[in-house]
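Q: Sharing a sequence plus its predicted fold:
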Amino acid sequence: MLPDMQSSPTGSVRVIAARVVLRADNIAVSVMTNVSPGGLGRIVIHGPRFGWLGDSEPYPERQFPELQASVDGTPVTVISGFSAFVGSTDISATLRDAQLDPFVIAQTPPFVSAVAGHEIAFNKLVELGAIQKSDDGTLAKWDVARDIGVTLGRDGQHTLALTYTARPAYALIPFHQLATTVPLASYCLSKANLARLLGRSATDLSFVIRQYAVPVGVDDKPVAKVQVSVMASGKSEPQQTLVAFCGSNGRAMIGRGSDVSAAQTDSMGRLHILTIRGNPD
């Protein structure tokens with residue numbers, strides 16, 4: 001999922017209320033914020049660090065390239081930067097000096113070459129171990145993370161809206177493994193009420209499970225007022241898919257349609273949504 005939101009400076013932005021709409025794996029998050037007096041509110045999102053592990057990882061998708069943002073209904077530019085490392089050594093400045101694409105590690109293999117006029121910085125990266133020479137060329141060996149920034153505005157209330165594609169945890173799980181594999185408490189569920197919801201025939205079935213953890217809070221703080229709506233991606237899906245999340249009363253909210261319901265975040269300001277669909281096979 002999109003990483004947690006932080007305010008800059010820390011503590012300058014507070015979330016009053018939030019709304020989440022999940023349609024298939026497309027997420028729309030709207031948060032009403034209050035910016036502290038006398039300052040310019042800014043939200044920053046620090047993406048996870050990753051390096052090249054082979055051609056099986058969809059690296060560009062980890063950076064949420066489709067992310068769009070608006071403030072008070074007006075589209076705004078998402079400021080995108082990066083942080084790059086070799087172990088604990090920050091090589092971001094040297095990588096900029098070398099004029100190299102920090103996300104070249106998304107390619108397979110991640111070959112790089114010196115840019116004319118920037119050979120000194122390139123050789124420095126080689127010395128640091130960020131670039132490794134091989135028989136076929138030179139390979140990027142650093143880790144990188146995308147940093148995202150959105151400016152809200154000066155003191156007062158502002159509504160930030162974010163849209164992006166979720167990358168939920170996914171698994172095909174037989175019924176008897178559900179309770180031990182899925183953290184049911186995150187959705188205010190128990191093994192007993194899950195069994196009741198899925199019915200007697202569930203013991204012979206496997207289920208397609210998707211787990212979403214949608215950040216709606218800022219600075220790792222819970223949000224008191226959250227509305228959530230889960231919509232189907234197809235005409236038949238509402239009857240096939242069970243949706244569960246913690247309601248505002250601390251009890252599981254269960255549905256199969258797109259009703260808007262009051263929800264509860266965890267202590268870090270994340271909204272957890274579980275979808276369960278019978279295996280079509």
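A: Received it, and whenever you're ready, just let me know what you need.

Q: by contact count, what packs against the longest strand along the chain?
A: Ranked by residue count under DSSP state E, the longest strand found in the chain is strand 143-165. Applying 3 or more C-beta pairs under 8 Å, 6 or more residues apart in numbering; DSSP states H and E, one finds that strand 143-165 contacts strand 26-46, strand 68-71, strand 79-86. Heads up, the C-betas are built off the backbone N, CA and C, glycines and all.

Q: contacts for the following helix or strand past the shortest one?
A: Scanning forward in sequence from strand 68-71, with DSSP states H and E defining helices and strands, the next element found is strand 74-76. Surrounding strand 74-76, the residues in contact under the criterion C-beta atoms under 8 Å, 6 or more residues apart in numbering are Gln68, Ala69, Ser70, Val150, Thr151.

Q: so what strands line up beside strand 74-76?
A: When sheet partners are counted by DSSP bridges, strand 74-76 sits next to strand 68-71 (antiparallel).

Q: State the mean pLDDT of the strand it pairs with.
A: What strand 68-71 shows for mean pLDDT is 96.

Q: Give me the pLDDT for the nearest residue to Ser267 once chain neighbours are set aside.
A: If the residues on either side of it in the chain are set aside, Ser267 comes closest to Pro222, at 5.6 Å by C-beta to C-beta, 6 or more residues apart in numbering. Looking at Pro222, its pLDDT reads 96.

Q: Can you tell me which helix or strand of the protein has the lowest average pLDDT?
A: When the helices and strands of the chain are scored by mean pLDDT, DSSP states H and E, helix 237-240 comes last with a mean of 50.

Q: can you list the domains in the protein?
A: 1-167, 168-281 (automatic domain parsing).

Q: okay, the ones you listed in TSV with mean neighbour count next?
A: As requested, the domains of the chain are arranged in TSV below (neighbours: other C-beta atoms under 10 Å):
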stretch	mean neighbour count
domain 1-167	16
domain 168-281	16
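
Q: Lowest average confidence across the ones you listed, which one?
A: domain 168-281 has the lowest average pLDDT among the domains of the chain, namely a mean of 85.

Q: how far out from the middle of the chain is that domain?
A: Relative to its chain's centre, domain 168-281 lies at 17 Å (C-alpha atoms, centre = their mean, to the nearest Å).

Q: measure stretch 101-116 end to end?
A: 15 Å (C-alpha to C-alpha, to the nearest Å).

Q: Pull the distance from it to the chain's centre.
A: Remark: stretch 101-116 is offset 25 Å from the chain centroid, using C-alpha atoms, centre = their mean.

Q: neighbouring contacts of it?
A: 50-52, 54-55, 59-60, 63, 82, 84, 92, 95, 98-100, 122-123, 131, 136-140, 142, 144, 146.

Q: list the contacts for the nearest residue to Thr10 once chain neighbours are set aside?
A: Counting by C-beta to C-beta, 6+ apart, Thr10 lies nearest to Asp219, which is 6.2 Å off, once chain neighbours are set aside. Neighbour list for Asp219: Met5, Gln6, Ser7, Thr10, Gly11, Val13, Gly269 [criterion: C-beta under 8 Å, 6+ apart].

Q: any idea how far Val13 is from Asp219?
A: Counting by C-beta to C-beta, to the nearest Å, the gap from Asp219 to Val13 is 8 Å.

Q: Give me the common contacts of those two.
A: By the contact definition C-beta under 8 Å, 6+ apart, Asp219 and Val13 are jointly contacted by Ser7.

Q: Does Ile273 belong to a helix, a strand or coil?
A: Of the three states, Ile273 takes strand under DSSP: H, G, I helix; E, B strand; the rest coil.

Q: Which of the three states applies to the residue nearest to it when sequence neighbours are not counted?
A: Nearest residue to Ile273 in three dimensions, chain neighbours excluded: Tyr212, at 4.2 Å (C-beta to C-beta, 6+ apart). Following three-state DSSP, the label given to Tyr212 is strand.
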